[in-house]
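> Just need the structure, nothing else, for what follows:
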Amino acid sequence: MPYQETILKELYHSFESHNLSDGLQVNLKGWVRTNRNNGSIGFIELSDGTTFLNVQLVYSKDQVDDFDSYSHYLTGSSLSVNGEVKLTPNMKQPFEIHVHHIELLGGVSDDYPLQKKRHTFEFLRDIAYLRPRTNTFYALARVRSKLSYAMHKWFNDNDFYYIHTPIITGIDSEGAGQVFDVNAKKEDGKPFFDKPVHLTVSGQLHVEPFALALRNVYTFGPTFRAENSNTPRHASEFWMVEPEMAFCDIHKALKIVENLLKYCINDLLKNAKDELNFFNAFVDKNLLERLHKIVDSSWEVIPYTKAVEILEDAKNKGHHFDNENIFWGMDLQSEHERYITEQVVKGPTWIIDYPKEAKAFYMKQNPDGKTVAAYDLLVPEIGELIGGSQREDDYEKLRQRMEECHLLKDDSALWYLNTRRFGGCVHSGFGIGFDRFLMLLTGLNNIRDVQLYPRTANQVKY
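Numbers count the residues shown, from 1 in each chain. So this is what the prediction gives:
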């Protein structure tokens, strides 16, 4: 009987649907995770990338043609395996493969840095190109892909259009000046572009005009910040999901965010359960409980002014904050955000109506003249996950704010102001830090460990 070329995902699906035949002749291709033997019988854990689960290969001295060679295949070696399925429903694995023949496709040298032991995340960051071969980053890459798909699916199913916004731009959407300048030159030594440009810090300003034609849109791509920051939550390059919705005020926007995030978490609890179970077992033993609580709870809304009062009260009662200078108008720090969401609310928390001076120029000014219709979502273990606002649709107010922020000293931002003259409307938007969302979903507490090739200050090895 010829060997049927297959993949592990298909075999597990067949087993779950009770269609996997004992004695089925199969060919599998994959990589060695572990290899051990007792002199007469050997066991290889094989991964083929199609599922988080491995399969055990069993090779015995009296059944295979080259037992000694098989027993020396090192972790990381790629193999083509011909064998026979043996159902083992009463054992840890539901089935195994009894080997007839193995072809070594790619060997591994003796200095292969990954061994059968737990390596520190710091060590693995230094060999980022090999991290996907470890259980943690194998699971992380799969969750990252599944989360991307879930987000795109939710937007598509809810009539959002996906807009590709530019990476190179002449406008700083945050007005903070922490940008990576693009200094390309032509062959004659003159600047490549006719004005100063930099890598985008956000796709928001470029996607907004499409909301004023297509109603609901989003962009999803890399953004860049030239912040000399070494915290576990900041990176120089990271991915953002940025929707914009026309005819949508702050209250509608909060509901849209909640629906999107709960959908994505529920999708992963269903479609990435093996990966999340792994993270729950080996990274954060409270992960699944926390995720279920997020999707099952209602999210509390607290005005910024009330949040400051909560922090002042906590300080007066003896709670220690590293940043003890608490006052109205301050920029909430991570420890303040986590205190509110973890110690006070003990669940997801919206902070709304921030001071005008603490937020970006494009946010809708509230009638009090002091605050803007901004909102941040705080979640346990992470702090701020999402930032957004109702956008300023009043031309004169936006023009005045842009002048205050020195954004109209040239014409690089005039086009954005003009959108309020040509059929503007009430509209809102938000940004999801995709990498921080992954931190929440995996329990990994350093952004360098949810990015495939992290970019941080002074560190670009790959």
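> looking at the chain, which residue lies furthest from center?
Using C-alpha atoms, centre = their mean, the residue of the chain lying farthest from its centre is Asp62. It sits 48.7 Å away.
> Now do the same contact list for Phe224.
By C-beta atoms under 8 Å, 6 or more residues apart in numbering, the contact set of Phe224 is 179-180, 198-201, 236-237. For every residue, glycine as well, the C-beta is placed using N, CA and C.
> Oh, that last question was meant for Asp449, not what I typed.
The neighbours of Asp449, taking C-beta under 8 Å, 6+ apart as the test, are 121, 125, 136-137, 140.
> do that again at 10 Å, thanks
By C-beta atoms under 10 Å, 6 or more residues apart in numbering, the residues touching Asp449 are 121-122, 124-125, 131, 136-137, 140, 232, 283, 435, 438-439, 442.
> Same question for Ala211.
Ala211 sits next to 160-161, 163, 217-218, 243-248, 391, 419, 425, 427-429 when contact means C-beta under 10 Å, 6+ apart.
> Near the spatially closest residue to it that is not a sequence neighbour, how many other residues are there?
Excluding its sequence neighbours, the residue lying closest to Ala211 (C-beta to C-beta, 6 or more residues apart in numbering) is Glu244, at 3.9 Å. If you count neighbours by other C-beta atoms under 10 Å, Glu244 ends up with 29.
> State the helix or strand in which Arg436 lies.
helix 434-442 (DSSP states H and E).
> Could you check the pLDDT of Thr223?
The model reports Thr223 with a pLDDT of 95.
> Now do the SS call for it.
Classification of Thr223 by DSSP: H, G, I helix; E, B strand; the rest coil places it in strand.
> i'd like the first residue to be 318 from this point on
With 318 as the first residue, the last one maps to Thr540.
> Low-confidence regions, the protein specifically.
318, 490-494 (pLDDT under 70).
> for it, what spans make up the helices?
325-333, 384-388, 438-442, 452-474, 521-531, 567-588, 590-599, 604-613, 621-633, 651-655, 712-721, 731-735, 751-759 (DSSP state H).
> what would those look like in a markdown table with distance to Tyr692?
Output for these, formatted as a markdown table (distance: least, C-beta to C-beta, whole Å):
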| stretch | distance to Tyr692 |
| --- | --- |
| helix 325-333 | 40 |
| helix 384-388 | 59 |
| helix 438-442 | 33 |
| helix 452-474 | 19 |
| helix 521-531 | 14 |
| helix 567-588 | 6 |
| helix 590-599 | 28 |
| helix 604-613 | 17 |
| helix 621-633 | 10 |
| helix 651-655 | 13 |
| helix 712-721 | 18 |
| helix 731-735 | 21 |
| helix 751-759 | 16 |
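> now, of the ones you listed, which is deepest in the fold?
Comparing these by mean neighbour count (mean count of other C-beta atoms under 10 Å), helix 751-759 comes out on top with a mean of 22.
> now it against helix 604-613, angle please.
Here the directions of helix 751-759 and helix 604-613 differ by 110 degrees (axes from the mean of the first three to the mean of the last three C-alpha atoms, to 10 degrees).
> now helix 751-759 and helix 567-588, what's the angle there?
Per the same axes, to 10 degrees, the angle that helix 751-759 makes with helix 567-588 is 50 degrees.
> For helix 751-759, name the packing helices and strands.
helix 452-474, strand 533-541, strand 554-563, helix 567-588, helix 590-599, helix 604-613, strand 688-696, strand 700-707 (3 or more C-beta pairs under 10 Å, 6 or more residues apart in numbering; DSSP states H and E).
> ok, Ile643 - contacts?
625-633, 649-650, 653.
> I'd guessed Lys346 sits against Val372; true?
No - when contacts are counted by C-beta atoms under 10 Å, Lys346 is not listed as touching Val372 (11.9 Å).
> Which residues are in contact with each of those two?
Contacts common to Lys346 and Val372, judged by C-beta under 10 Å, 6+ apart, are 363, 365, 398.
> got a list of what the residue farthest from the centre of the chain touches?
357-358.
> Count the residues that sit near the nearest residue to Thr622 once chain neighbours are set aside.
Of all residues not flanking Thr622 in the chain, Trp645 sits nearest, at 6.6 Å (C-beta to C-beta, 6+ apart). Trp645: 12 surrounding residues under other C-beta under 10 Å.
> returning to what we had before: the residue nearest to Ala528 contacts Cys742, correct?
No - when contacts are counted by C-beta under 10 Å, Glu561 is not listed as touching Cys742 (11.5 Å).
> Give me the common contacts of these two.
528-529, 532, 708.
> For the residue lying closest to Pro526 once chain neighbours are set aside, what are phi and psi?
Of all residues not flanking Pro526 in the chain, Thr736 sits nearest, at 5.5 Å (C-beta to C-beta, 6+ apart). When read as degrees, to the nearest 10, the backbone of Thr736 gives phi -60, psi -20.
> Ile444 against Thr437, yeah?
No - under the criterion of C-beta under 10 Å, Ile444 is not in contact with Thr437, lying 11.5 Å apart.
> More neighbours: these two, which one.
Ile444 (15 against 8).
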